[in-house]
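Engineer: Need the 3D shape of this:
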Amino acid sequence: MLKKNLINALIVTVCFLLLTATATLAREEHLPTSKGQTVYVPAYSHIYHGNRESSPLLLTVTVSIRNISPTHNLTISTVDYYASQGEILKKYITAPLVLRPLNSQRFIVAQNDDSGGSGANFIVKWQSAEPISPPIIETIMIGSQNQLGISFTSRGQEIYK
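Structural biologist: Sure thing, here's the model as predicted:
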């Protein structure tokens, strides 16, 4: 009986040590930081539904840029909107825009603007004086037609050079 209790105590101790080590490693793991990025953000000015490619559902597109740093500014230098074929349609900013800690900014493509197509996208460039957690950059698409309504999001992806 004593031997069984010792084995059980040893098993409990080993499990405790493993859990403690795992928790410590998880706490020490850091998300990557950056001083700037170029980010590709998918957008859809319209989508197709059913078997009717001839009548797409038009969508309002909102690109949202959120500075998730609680202590540092970031500067947005580019927010450009591109069509499915890769041609630039609109430059949303002409001068750098500073986002203070925990601030966000949004840019909108109107629902009746279908020039981007189903493969539209944004290129967003940002930088910071200090390494920070990269901002959350995403698009939100929403539209309705007759009794059909749809909304969804797409998250940006850093473009590596």
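Engineer: can you give me the helices for this protein?
Structural biologist: Per DSSP state H, the chain has helices spanning 2-28. These are given in chain order.
Engineer: Any regions of the chain where pLDDT drops low?
Structural biologist: When residues are selected by pLDDT under 70, those of the chain lie in 1-30, 52-54.
Engineer: so where do the strands sit in it?
Structural biologist: Listed in chain order, the strands of the chain (DSSP state E) span residues 34-42, 46-49, 52-58, 60-66, 74-82, 88-91, 97-99, 104-109, 121-132, 136-145, 148-155, 157-158.
Engineer: so the longest one versus strand 74-82, what angle?
Structural biologist: Put plainly, it is strand 121-132. For strand 121-132 against strand 74-82, the angle by axes from the mean of the first three to the mean of the last three C-alpha atoms, to 10 degrees is 170 degrees.
Engineer: So what pairs up with the closest residue to Ile123 other than its chain neighbours in the strands?
Structural biologist: Nearest non-adjacent residue to Ile123, counting by C-beta to C-beta, 6 or more residues apart in numbering: Asp80, 4.8 Å away. (Glycine included, C-beta is placed from N, CA and C.) Residues found in beta-bridge contact with Asp80 (criterion: DSSP bridges) are Lys91, Ile123.
Engineer: and Ser84, how many residues sit next to it?
Structural biologist: Using other C-beta atoms under 10 Å, Ser84 is surrounded by 15 other residues.
Engineer: actually Tyr81, not the one I wrote
Structural biologist: Summarising burial for Tyr81: neighbours were counted as other C-beta under 10 Å, giving 23.
Engineer: same deal with Ser64?
Structural biologist: Burial of Ser64 is recorded as 18 neighbouring residues (other C-beta under 10 Å).
Engineer: got it, and the one 3 residues further on?
Structural biologist: Counted by other C-beta under 10 Å, the residues lying close to Asn67 total 25.
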